[in-house]
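**Student:** My questions are about this predicted structure, shown below with the sequence.
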Amino acid sequence: MQQLTGDEILALDRAHLWHPYASIDPTAPLFPVARAEGCELILCDGRRLVDGMSSWWSAIHGYNHPQLNQAVIDQINDMAHVMFGGLTHSPAARLGVRLVDIAPPGLTRVFLADSGSVSVEVAIKMAIQYWRSRGRADKSQLLALRGGYHGDTLGAMSVCDPVTGMHQLFRGVLPQQLFIERPAVAFDQEWDETAIAPLEQILERHHASLAALILEPIVQGAGGMYFYHPEYLRRARALCDTWGVLLIADEIATGFGRSGRMFACEHAGISPDILCLGKALTGGYMTLAATLCSEHVARGICEGEAGVFMHGPTFMGNPLACALANTSLDLLLESSWQRRVQDLETQLRQELEPVKQCGAVKEARVLGAIGVVELHAPVDMKKLVPRLVDMGVWLRPFGRLLYTMPPYSITAEQLSRITAAINKLCLELS
């Protein structure tokens, strides 16, 4: 098939396509990509951009990786897809046992889904159906943290921050959930016992109607890139046990090493009842997600009146995606990923230190392979993104946040190009 030029791509795109969190404004910045390799995006005009976003945090091994490429070729020669209802196959079976092996202890059942948002929908339905199966249909509400973000489908939207979670337009039609202020103690601060009191109070008051508490462990992602104290998560686990509320951990953004641990739950040494995974699961090659749960939750659902869990995506357990996920896990687990993420954290801390002196900057924070600069004022995307492209880096700021979550395979020189661009931009904004 003949390749389109950059101008042809732009013309067709402007006429017909719609991009995420965007209007159909024909003047919005848009950059046609010809190919990607390593940690770089090559635009149709020949410019090369160091990717500081890992394609929304998923491409942890970089692009055009030979082993991931080969996994696609090998699997497609057998089968690209087969329905998962009543059938199974090797890639899915292998992936299930591997996820159970590396997940926090006690999570024994794996439901394979299409995307991160869907994995959250599945988790919510699991929690509600679990309680219905136990004769507690009254326990149907969710408790979530302000500053949280869990996806764009209806159920997931209902547990995103109702003010900053990008979904205020839909408040009138979404299920009404309960919210609590985000943890008051940041990751690197000294623990303050009063920080857990709001959660204690709301669980004591509303536990009879609550199916689950859903949270992003340690790192709140798209809702604000806030890192909170592990003790809060430890106490949340204990309080959920005390008051008979399930705990859902949304590790779509943090899973597979991003925070410096395989899963962010490990910072607190806890296991949730239900765990949501996605993004980096296939190394950024294909969409795939998983919702893991304990044997107790799975049996509770299946021993109820329905006898089955009421969910089933068409492309559930897609063999291509599962084969990629297995290979991505091979690449991660056979590497010294902990040292690599620690090196990235050290470099980000050192090289983002100067931005703290910029007048436009409120705070800079780093955890694992996550570097965040929070500004005093929201950014102008139309101006900021092209400026970053001119500096040879790809970043996608939002709100007041200028941040990077690079591939683990990025070189020190490439990461320095990203941090230099961030420093320069902050100076320009001050």
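**Tutor:** The structure has been received and is ready for your questions. Predicted model only: the values in this text are computed from it and were never measured.

**Student:** Do you know the pLDDT at the residue sitting nearest the centre point of the chain?
**Tutor:** For the chain, the residue nearest the mean C-alpha position is residue 253 (2.1 Å; CA atoms, centre = their mean). For residue 253, the pLDDT comes out at 97.

**Student:** helix/strand/coil for it?
**Tutor:** coil (DSSP: H, G, I helix; E, B strand; the rest coil).

**Student:** i'd like the first residue to be 325 from this point on
**Tutor:** Sounds good: first residue 325 from here, last item residue 577.

**Student:** ok, and the closest non-adjacent residue to it?
**Tutor:** Among residues not flanking residue 577 along the chain, residue 545 sits closest, at 3.9 Å (CB to CB, 6 or more residues apart in numbering). Heads up, the C-betas are built off the backbone N, CA and C, glycines and all.

**Student:** From residue 350, how far out is that neighbour?
**Tutor:** 30 Å (CB to CB, to the nearest Å).

**Student:** do residue 582 as well
**Tutor:** Using CB to CB, which is the criterion applied here, residue 582 is 35 Å from residue 350.

**Student:** Of the two, which one has the most company?
**Tutor:** Between residue 582 and residue 350, counted using other CB atoms under 10 Å, the more crowded position is residue 582 (26 against 10).

**Student:** Show the contacting residues for that one.
**Tutor:** 381, 384, 543, 588, 604, 665, 692-694, 729 (CB atoms under 8 Å, 6 or more residues apart in numbering).

**Student:** Okay, domains of this structure per the record?
**Tutor:** 330-388+661-753, 394-657 (automatic domain parsing).

**Student:** so where is this protein shaky, pLDDT-wise?
**Tutor:** Of all residues in the chain, those with pLDDT under 70 make up the ranges 488-491.

**Student:** follow-up on the earlier one: count the neighbours of the residue nearest to residue 577 for me.
**Tutor:** Residues near residue 545, counting by other CB under 10 Å: 23.

**Student:** Deepest in the core, which of the domains of the chain is it.
**Tutor:** Of those, the one with the most neighbours on average (mean count of other CB atoms under 10 Å) is domain 394-657, at a mean of 20.

**Student:** now do the same end-to-end measure for that domain.
**Tutor:** 18 Å (CA to CA, to the nearest Å).

**Student:** if we can go back for a sec, list the ones among the contacts of residue 582 that fall in helices.
**Tutor:** Among the contacts of residue 582, DSSP state H puts 381, 665 in helices.

**Student:** now the contacts of residue 582 in JSON lines, with distance to residue 495?
**Tutor:** Shown next, in JSON lines, are those (distance: CB to CB, whole Å):
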{"residue": "381", "distance to residue 495": "27"}
{"residue": "384", "distance to residue 495": "34"}
{"residue": "543", "distance to residue 495": "25"}
{"residue": "588", "distance to residue 495": "28"}
{"residue": "604", "distance to residue 495": "31"}
{"residue": "665", "distance to residue 495": "37"}
{"residue": "692", "distance to residue 495": "33"}
{"residue": "693", "distance to residue 495": "34"}
{"residue": "694", "distance to residue 495": "29"}
{"residue": "729", "distance to residue 495": "29"}
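
**Student:** between the contacts of residue 582, which is closest to residue 456?
**Tutor:** When those are ranked by distance to residue 456 (CB to CB), residue 588 comes first, at 29.6 Å.

**Student:** surely that closest one meets residue 575?
**Tutor:** Yes. Applying CB atoms under 8 Å, one finds residue 588 in contact with residue 575, separated by 6.0 Å.

**Student:** okay, and the common contacts of those two?
**Tutor:** 540-541.

**Student:** Give me the subset of the contacts of residue 582 lying in strands.
**Tutor:** Counted as lying in strands by DSSP state E, out of the contacts of residue 582, are 543, 694.

**Student:** Which single one of the contacts of residue 582 is nearest to residue 552?
**Tutor:** Distance to residue 552, by CB to CB, is smallest for residue 543 among these, at 8.1 Å.

**Student:** That closest one: what's it in contact with?
**Tutor:** 549-551, 577-578, 582-583, 588, 691, 694.

**Student:** Is it possible to get JSON lines of those that adds distance to residue 513?
**Tutor:** Below are the contacts of residue 543 laid out as JSON lines (distance: CB to CB, whole Å):
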{"residue": "549", "distance to residue 513": "16"}
{"residue": "550", "distance to residue 513": "12"}
{"residue": "551", "distance to residue 513": "10"}
{"residue": "577", "distance to residue 513": "22"}
{"residue": "578", "distance to residue 513": "19"}
{"residue": "582", "distance to residue 513": "21"}
{"residue": "583", "distance to residue 513": "17"}
{"residue": "588", "distance to residue 513": "17"}
{"residue": "691", "distance to residue 513": "13"}
{"residue": "694", "distance to residue 513": "17"}
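
**Student:** farthest-separated two in those?
**Tutor:** The most widely separated members of the contacts of residue 543, counting by CB to CB, are 550 and 582 (14.7 Å).

**Student:** Figure out the length between the terminal residues of stretch 465-475.
**Tutor:** First-to-last distance for stretch 465-475 - CA to CA - comes to 18 Å.

**Student:** Same question for stretch 703-720.
**Tutor:** Taking CA to CA, stretch 703-720 runs 11 Å from one end to the other.
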